[in-house]
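>>> Based on what follows, work out the 3D shape:
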Amino acid sequence: MTSFEPYLQIRRMIVKRDSRTVYDASFRPGLNIICGENSSGKSTLMDFLFYGLGGELADWRESALLCSEVVLEVTLNGHTAVLSREVSKESGRPMRIGTGTLAQLSSGEAEWGLYSYRRAQNKESFSQVIFRLLGMPEATGDANSNITMHQILRLLYADQLSPVDRIFRFERFDTELTRQTAGDLLCGGYDNLMYRRQLRQREANKELEAATAEYRNAIAIFSGQKHAINMDWLKAERGRISDEIAKTHAEASALEKKIFNAEVSDGLSIEAQNRAYAAVVEAQSELLDLQGERDSLKLEIADSAEFILALETKLDQLRDSAITAKSLKSISFIYCPSCFAPVEEASTDHACSLCKTPFDKERAQSRILAVINETGIQLKQSRSLQQFRNEQVMDLDAKVSRAKARWNAVSERYRLINRTPSTELRSRARELYSRAGYLERQLEDLSQKQIVLERIEALSKRRAMLTSEISDLSELIDAGERAQKEQLLKAYSLISKNAAKLLRQDLLRQDIFAKADRVDFNFGADRLAVNGESFFSASSMVYLRNSFFAGFLDASIQDPSFRHPRFLMLDTIEDKGIEPERSHHFQNLLAKMSDSNPVEHQLIYATSMISPQLAKSDYVVDRFYTHDSRTLALT
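Alright, predicted model coming up:
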């Protein structure tokens, strides 16, 4: 079958009560029907599917709370994974994710990872992992919080307890922005490149705010000065002080000559000379260490930039690897690529022609899925480390400037001490060198001002660079948003068309359905309408809601640009008193829609009055459940 990504399929569900399995059933691609008598536990199974995929349940059924764990073996873009969650009244339970089959995880060939419900510092949520494995971007909803699997599943699971006039599965604390973002995401309104640009724009804005704040603080150091502090003034002031120091030194040299000519000598101060020399060595060592550390870090940044680019390319290639593997299937060798001897044919078509090892498609797919997840985590960590390294380089630049200024100062002091007159009894000599020391401190102060000015200049350049980058990103994002609007208009139109088609095929129970030109919907407002009208009988509202969800699924199967995972669960087939004939007719329409589509998808619905045409088909999951033989074998 053709595959549009993302696509999600459930292969198997296991429900446990402590160590005992109380439910174990397999699911197929395409249509799946959970059927049984009323109150036999069908909705409990649907809730377990929702919860196992990452949804949150506030109201658990009594029988469900007797269970301890739900385990789902799923297919994510063609790769097998296992999702496991503890059944609990507590909200926000974590999820174990294994990139492999249940058999591989049980035998230790694949490993589990534990992920929290909410993201935390340096810890990923299970929604982030599942989104990565599905190749879906992390769209931001309300209050800078990202859309989660729970929010996506609210558009993929029509349950019995939600109001029939609403689109989304009911949630007490909900926002219009979150609903609109989730809906637009599934309609293809976001893409990974757009997400990266938006993410970088947010980061660049934060960096610009930090650089601006530091820039203002640096400028504030020179507030209250009588004259402008800039590099020109600094150069002129340094020249003036240097000239005065030179004059002082010249006068001191002349005095020293007189002292020596008069044969007056007290001996040089060896102790002061040693101290000055030690200070020079220490300052020079510090400067060289800082310069070496900075240069090493800059090389590391350059290497990391290449590594990040390689990771991004690798991640894109890994997501395409499944399609390549399906297309190539296997490579046959006539001659050995090492010694060029003829290669004997394998005894079976399901083995490597070279080493004769049997093929294991499941194992290969699970390995690809594990590598995608590991590469995504590595990429995220590498980007975070790169940002930290850039901040370290800026800090080291400032430290190098300070160390260089200190080295210049102590070097000059050492030179002066070596020229100190041989007597400390000459008051004029003390005055001169005291004056020279004062002037040297003024030079040190100018060096500190220079460091601040250099930092201001660097921050000014960084602000300009970030402003330019943000401007460029804004233009690209604006262009992307225009493309998104076009995509959403196209997606909305296709959903509306498909849903209206299902309404027109309804039995003649609602006059406007037979004349349906369009189905109007608004994700943010959480409302549905037909040709502008939104008030119908309860049973017709259920039919409209089901038609919308089915039309949404059908649109995602028809158009590869959707980010809908080509997955749907319906537990409202006969809700609100829909008569059996009308329910049977709709079920047959769903079967026809599913069977006629060659694209990978999965539709699961629950019913107590299955269509006679479907009752004995392969669509039925497990068996027909009754009061005497319920879904969960709790006793």
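>>> Isn't P598 up against T2?
Yes. Assessed by CB atoms under 8 Å, P598 is found in contact with T2 at 5.4 Å. Using the backbone N, CA and C atoms, a C-beta is placed for each residue, glycine as well.
>>> Surely F513 is in contact with S540?
Yes. In terms of CB under 8 Å, F513 counts as a neighbour of S540; the distance is 7.1 Å.
>>> helices or strands next to the longest helix belonging to the chain in the packing?
Counting by DSSP state H, the longest helix found in the chain is helix 427-504. Judged by 3 or more CB pairs under 8 Å, 6 or more residues apart in numbering; DSSP states H and E, helix 427-504 is in contact with helix 192-220, helix 231-261, helix 361-418, helix 511-514, strand 519-522, helix 538-558.
>>> How far does the second one sit from its chain's centre?
For helix 231-261, the gap between its own C-alpha mean and the chain's C-alpha mean amounts to 62 Å (CA atoms, centre = their mean, to the nearest Å).
>>> what does the third one give?
Counting by CA atoms, centre = their mean, helix 361-418 is centred 22 Å from the centre of its parent chain.
>>> Report the next helix or strand after the helix or strand of the chain with the lowest mean pLDDT in sequence order.
In the chain, the helix or strand scored least confidently by mean pLDDT, DSSP states H and E is helix 231-261, which has a mean of 73. Counting by DSSP states H and E, the element after helix 231-261 in chain order, helix or strand, is helix 270-328.
>>> Can you check what angle separates that following helix from helix 192-220?
Counting by axes from the mean of the first three to the mean of the last three CA atoms, to 10 degrees, helix 270-328 lies at 160 degrees to helix 192-220.
>>> by contact count, what packs against the least confident helix or strand of the chain?
On a contact count with 3+ CB pairs under 8 Å, 6+ apart, helix 231-261 meets helix 427-504.
>>> Let's see that with 10 Å instead.
Counting contacts by 3 or more CB pairs under 10 Å, 6 or more residues apart in numbering; DSSP states H and E, helix 231-261 packs against helix 361-418, helix 427-504.
>>> Mean pLDDT lowest where, among those helices?
The minimum mean pLDDT among these belongs to helix 361-418 (a mean of 76).
>>> what inclination does that one have with respect to helix 270-328?
Going by the same axes, to 10 degrees, helix 361-418 makes 160 degrees with helix 270-328.
>>> Helix 361-418 relative to helix 231-261, how many degrees between them?
Following the same axes, to 10 degrees, one obtains 40 degrees for the angle between helix 361-418 and helix 231-261.
>>> overlap in contacts of F513 and S540?
Common contact partners of F513 and S540 (CB atoms under 10 Å, 6 or more residues apart in numbering): L503, D506, V530.
>>> Which residues in stretch 135-142 does the neighbour count mark as buried?
By neighbour count on 16 or more other CB atoms under 10 Å, the buried set for stretch 135-142 is G135, M136, P137, E138, A139, T140, G141.
>>> need the contact list for the second one.
When contacts are counted by CB under 10 Å, 6+ apart, M136 is found next to 5-6, 77, 127, 130, 147, 149, 152, 185-186, 190-192, 195, 563-565.
>>> Mark which of those residues are buried, thanks.
5-6, 77, 127, 130, 147, 149, 152, 185-186, 190-191, 195, 563-565.
>>> Among those residues, which are located in helices?
S127, I130, M149, I152, L185, L186, Y195.
>>> Show me which of those is closest to L453.
Nearest to L453 among these: Y195, at 39.4 Å, using CB to CB.
>>> these two touch, right, the closest one and I147?
No. With contact defined as CB atoms under 10 Å, Y195 does not count as touching I147 (11.1 Å).
>>> Overlap of the contact sets of the two?
Shared contacts of Y195 and I147 (CB under 10 Å, 6+ apart): M136, P137, E138, A139, T140, L185.
>>> Report the spatially nearest residue to the last one, omitting neighbours in sequence.
What it means is L185. A139 (4.7 Å; CB to CB, 6 or more residues apart in numbering).
>>> Quick check, pLDDT for the one you found.
pLDDT recorded at A139 is 77.
>>> Would you map out the domains in the protein?
According to automatic domain parsing, the chain is divided into the following domains: 8-186+505-607, 207-482.
>>> Out of those, which is closest to S617?
Among those, domain 8-186+505-607 comes nearest to S617, with 8.0 Å by CB to CB.
>>> residues touching A555, list them.
Contacts of A555 by CB under 10 Å, 6+ apart are 186-188, 490-499, 562, 564.
>>> From these, pick the one nearest A310.
Nearest to A310, judged by CB to CB, of the contacts of A555 is G188 at 28.3 Å.
>>> tell me which element the closest one falls in.
Using DSSP H and E, no helix or strand contains G188.
>>> next one: phi and psi at it?
Main-chain dihedrals, G188, degrees, to the nearest 10: phi 90, psi 20.
>>> you'd agree it is up against F552?
No. Counting by CB under 10 Å, G188 stays clear of F552, with 11.9 Å between them.
>>> Cool, thanks, talk later.
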